[in-house]
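> Fold the following for me, if possible:
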Amino acid sequence: MNFIKNLFLGCFSFSTMIMNAQDAGTIQTDRPDQTESPYIVPKNFIQVETGILFESNQQNEYIIQHPNLLFKYGVHDRVELRFVSELATLSTENFIKTSINTLAIGLKTKITEENGIIPKTSLIIHFNIPYQFKKKNQIQYIFPDFRFLMQHQISEKLNLSYNIGIEWDIEHQKPSYIYTLTMGYSIHDKIGCYIEAYGFFQNKEYPNFNIDGGFTYLVNPNIQLDISASKSLNKYYPGYYLSAGISIRKKVRK
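Reported below is the predicted structural model:
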């Protein structure tokens, strides 16, 4: 709990520094939904997106991410560098273990702006270093994943976003095909909400279907808070998650 307290105190202390950042529009985040945004962090800006997540996969088993972390740095108008990490605690009937559960580096690059029926499109590529609670299942090499990120601005307040891609499933040691579909709506200048469907497919496995939704609150153009929740729709993969987080952006040099 001290770690979580210090994390959020640090984030809010850091936020007092960002008011000197030059205007670069409103912060655009990949949190809190599963759909990654096609927007690129502006050049010479850093952006930190972090939060806490409680996930229950099945009876008597749960995972707490404390925190999950996405660090982004804009190196070009069309490219951002990315670092992903996750400290998590797994609790089962037999043991409780805390460890790094995710570690990845990568980039997001813009492909095209929205033009009629053509969506705003970007591509994410990550290279993952495998970490897992049960070492006997851990594979011993770096593996990639990628997603195409698309978005249509339906109206001033409404947008439709979707992803398709492939991720590596460490537990089953085979590719997992992912899809997401999100409808986002601006309730107010500072408050947004979304509803989303997402899932995973693997060869010779039952597909995993989920829905989630949440809210965002824009503290100022460079700070955003969020809450979200998800529920599985598949009896073979029961579970849900609850999450809350903060995203902060700052210009680091001219």
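
> In the stretch 101-250 of the chain, where is pLDDT below threshold?
In the predicted model, the stretch 101-250 of the chain carries pLDDT under 70 at residues 131-140, 169-172.

> Now do the helices for this protein: every range, in order, please.
Remark: helices assigned in the chain by DSSP state H are 2-15.

> Okay, strands next: where are they in it?
Listed in chain order, the strands of the chain (DSSP state E) span 45-58, 61-76, 79-91, 96-112, 120-128, 143-153, 158-169, 174-186, 191-201, 208-220, 223-232, 240-251.

> ok, the last one: who's next to it in the sheet?
By that I understand strand 240-251. Strands that pair with strand 240-251, judged by DSSP bridges, come out as strand 45-58 (antiparallel), strand 223-232 (antiparallel).

> can you redo the strands of the chain as JSON lines with mean neighbour count?
Yep, even glycine has a C-beta here, placed from its N, CA and C like the rest. As requested, the strands of the chain are exported to JSON lines (neighbours: other CB atoms under 10 Å):
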{"stretch": "strand 45-58", "mean neighbour count": "18"}
{"stretch": "strand 61-76", "mean neighbour count": "18"}
{"stretch": "strand 79-91", "mean neighbour count": "18"}
{"stretch": "strand 96-112", "mean neighbour count": "16"}
{"stretch": "strand 120-128", "mean neighbour count": "18"}
{"stretch": "strand 143-153", "mean neighbour count": "17"}
{"stretch": "strand 158-169", "mean neighbour count": "17"}
{"stretch": "strand 174-186", "mean neighbour count": "17"}
{"stretch": "strand 191-201", "mean neighbour count": "17"}
{"stretch": "strand 208-220", "mean neighbour count": "17"}
{"stretch": "strand 223-232", "mean neighbour count": "19"}
{"stretch": "strand 240-251", "mean neighbour count": "20"}
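
> Could you provide the ones you listed in a markdown table, with additional columns for distance to Pro32?
Written out in a markdown table, the entries for the strands of the chain read as follows (distance: least, CB to CB, whole Å):
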| stretch | distance to Pro32 |
| --- | --- |
| strand 45-58 | 7 |
| strand 61-76 | 10 |
| strand 79-91 | 15 |
| strand 96-112 | 17 |
| strand 120-128 | 17 |
| strand 143-153 | 16 |
| strand 158-169 | 13 |
| strand 174-186 | 11 |
| strand 191-201 | 8 |
| strand 208-220 | 5 |
| strand 223-232 | 4 |
| strand 240-251 | 6 |
